[in-house]
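Engineer: Need a 3D model of the following:
(one chain, ligands or ions: 1)
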Amino acid sequence: MKINRRAALKVGGTGAVLAAAGGVWRAWEQGVWSAGEGPAYEPWRRWRSDPSEGPLALVRAAILAANPHNSQPWLFRVGASRIDLFADPARDIGAVDPDHREMYIGLGCALENLLLAAGARGLAWRLALMPDRAHATHVARIDLTPGPRATSELYEAIPHRHTNRGPYDRSRAVPPDLLDAMTRTAGDDARLSWLVSDTDRRRLGQLIVRATEAIVADDAQSRASARWFRFRWADVQRHRDGITIDANLTDPLMRVAAKMLPPLSRERSDRFWLAATRDTFVATAAGFGILSVHDARDNAQRLRGGRAWQRLHLQATARGLALQPLNQPTERADRERVLAIEPTFGRALTELVDDAAWQALMTFRVGYPTRPAALSPRRAAEALLI
Ligand SMILES: Cc1cc2nc3c(=O)[nH]c(=O)nc-3n(C[C@H](O)[C@H](O)[C@H](O)COP(=O)(O)O)c2cc1C
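Structural biologist: Okay, the predicted model is just below:
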């Protein structure tokens with residue numbers, strides 16, 4: 001059959017236009033041009049827009065805190081001069097955090113932001129941690145009275161703090177006096193150990209990679225983690241939680257590709273995470289840190305450790321540093337304990353901490369960023385009140 005050349009060109013041209021239109025539609029639908037925009041990101045912009053707002057303003061600061069898998073495991077009861085903070089068991093991240101260690105750390109992070117905002121609004125506070133022994137979900141009670149106004153470098157950094165999962169600048173070491181300042185910021189309730197020598201970095205770096213391999217090989221942990229990945233822009237805006245493509249990928253081209261292509265299967269996503277852990281997170285870290293408390297199974301100490309982590313991340317942000325928790329070793333150590341299996345990672349962490357008086361609460365990397373980190377979505381403060 002003889003094909004009419006002009007007709008063929010016309011069909012081809014129409015196909016190309018349709019494909020381009022489909023591409024534009026897909027890019028729009030997936031928020032390629034809208035990173036950090038929409039209702040899911042409003043809490044970052046509006047958190048202190050009303051200077052006369054009462055205690056609810058403190059909740060708006062609290063919800064911008066770091067928290068495990070962006071599960072936002074918090075609820076608040078707000079009165080005229082009191083705020084009660086509760087854990088939300090519905091936002092449990094399952095086998096990744098079988099002992100709720102990370103949940104309480106995240107609640108401690110929220111508490112720190114809340115208290116910084118109290119000071120900035122001229123409110124003095126009295127804090128009771130775990131005020132009701134009978135209810136482990138009642139995490140803190142904060143009584144507020146008029147007091148001196150106190151803003152700080154840490155308070156000002158609240159809207160700029162983001163977990164940075166991009167490559168860090170390997171040619172730039174973190175000055176020792178800055179590391180010392182951060183050690184002091186951690187306070188007396190938590191101990192911060194820095195691993196910056198080649199040997200120390202290799203030890204913890206290898207442990208983090210091995211723990212990642214173990215998580216990927218553990219079906220329950222892999223599934224629990226995947227539940228919080230948000231590949232679809234519509235889901236980001238609807239759920240306003242979880243780990244997004246924008247937060248996970250700092251490379252602009254990779255971000256576009258990940259948004260345009262169909263979502264990765266769990267297996268491919270796990271392989272990608274393992275490779276990123278080995279080749280980016282660990283390989284480009286200027287150093288690692290271990291944050292420890294005396295008893296990592298005690299909820300009040302976890303909360304204090306969380307407060308320390310939030311302060312550290314805010315201070316790092318203010319000084320141009322990037323941080324990323326890499327909690328795979330502690331996640332595996334908790335998993336080993338609940339499954340009553342060989343404590344490979346538990347033992348390795350004990351050896352790294354090397355002091356019977358302290359237990360690892362979280363492990364992380366530090367360095368100077370090469371790319372900015374993106375905002376993570378947040379649910380509105382009003383939706384979190386009980
Ligand atoms: C206790 C705890 C554990 C975390 N573990 C990890 C981790 O292992 N890997 C990671 O990339 N981020 C980790 N994060 C960072 C959270 O995923 C992040 O805080 C959350 O997604 C919100 O994003 P943002 O910090 O940019 O606001 C952890 C945070 C907390 C508080």
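Engineer: Now do the domain split for the chain, please.
Structural biologist: 39-159, 162-367 (automatic domain parsing).
Engineer: what's the closest of those to P377?
Structural biologist: Closest to P377 of those is domain 39-159 (Cβ to Cβ; 3.6 Å). The way it works is simple: take the backbone N, C-alpha and C, and place the C-beta from them, glycine included.
Engineer: pLDDT on the closest one, on average?
Structural biologist: The predicted model gives domain 39-159 an average pLDDT of 97.
Engineer: With the ligand in mind, check whether it reaches it.
Structural biologist: Yes - Domain 39-159 is in contact with the ligand by Cβ under 6 Å from any ligand atom, via 66-70, 102, 105-106, 109.
Engineer: Drop anything exposed from these.
Structural biologist: Neighbour counting with 16 or more other Cβ atoms under 10 Å marks 66-70, 102, 105-106, 109 as buried within these.
Engineer: How many neighbouring residues does the nearest residue to D92 once chain neighbours are set aside have?
Structural biologist: Closest residue to D92 apart from its sequence neighbours, by Cβ to Cβ, 6 or more residues apart in numbering: M103 at 6.7 Å. M103 has 26 neighbours, counted by other Cβ atoms under 10 Å.
Engineer: Parallel or antiparallel, which strands does the helix or strand harbouring G289 pair with?
Structural biologist: If you go by DSSP states H and E, G289 is part of strand 287-293. Strand pairing for strand 287-293, using DSSP bridges, gives strand 191-195 (antiparallel), strand 359-367 (antiparallel).
Engineer: among the ones you listed, which is the most enclosed?
Structural biologist: strand 359-367 (a mean of 25; mean count of other Cβ atoms under 10 Å).
Engineer: mean confidence score for it?
Structural biologist: Computed over strand 359-367, the average pLDDT equals 98.
Engineer: Return the distance of that strand from the chain's centre.
Structural biologist: Offset of strand 359-367 from its chain centre (Cα atoms, centre = their mean, to the nearest Å): 13 Å.
Engineer: Please save the CA atoms from it in CSV.
Structural biologist: The C-alpha coordinates for strand 359-367 follow below in CSV (Å, rounded to 0.1, in the frame of the first residue of the first chain):
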residue,chain,number,x,y,z
GLN,A,359,23.3,4.6,74.9
ALA,A,360,23.0,5.6,71.2
LEU,A,361,19.7,7.4,70.4
MET,A,362,20.4,8.4,66.9
THR,A,363,23.2,8.5,64.3
PHE,A,364,23.6,11.2,61.6
ARG,A,365,25.9,12.8,59.1
VAL,A,366,27.1,16.4,58.9
GLY,A,367,28.7,18.5,56.2
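Engineer: Test for you: state the pLDDT assigned to the nearest residue to K259 once chain neighbours are set aside.
Structural biologist: Leaving aside its chain neighbours, K259 sits nearest to Q30 (4.1 Å; criterion: Cβ to Cβ, 6+ apart). Looking at Q30, its pLDDT reads 92.
Engineer: so where do the strands sit in this protein?
Structural biologist: 74-78, 82-87, 123-129, 138-146, 191-195, 229-230, 243-244, 287-293, 322-325, 359-367 (DSSP state E).
Engineer: list the helices and strands the first one packs on?
Structural biologist: When you say that, I think you mean strand 74-78. Applying 3 or more Cβ pairs under 8 Å, 6 or more residues apart in numbering; DSSP states H and E, one finds that strand 74-78 makes contact with helix 56-62, strand 82-87, helix 101-120.
Engineer: Please identify the deepest-packed of those.
Structural biologist: The most buried one of those (mean count of other Cβ under 10 Å) is helix 101-120, showing a mean of 26.
Engineer: Measure how buried R223 is and give me the count.
Structural biologist: 13.
Engineer: Next, find the distance separating the residue nearest to it when sequence neighbours are not counted from H69.
Structural biologist: Excluding the flanking residues, the one nearest R223 by Cβ to Cβ, 6+ apart is R266, at 7.1 Å. R266 sits at a distance of 15 Å from H69 (criterion: Cβ to Cβ, to the nearest Å).
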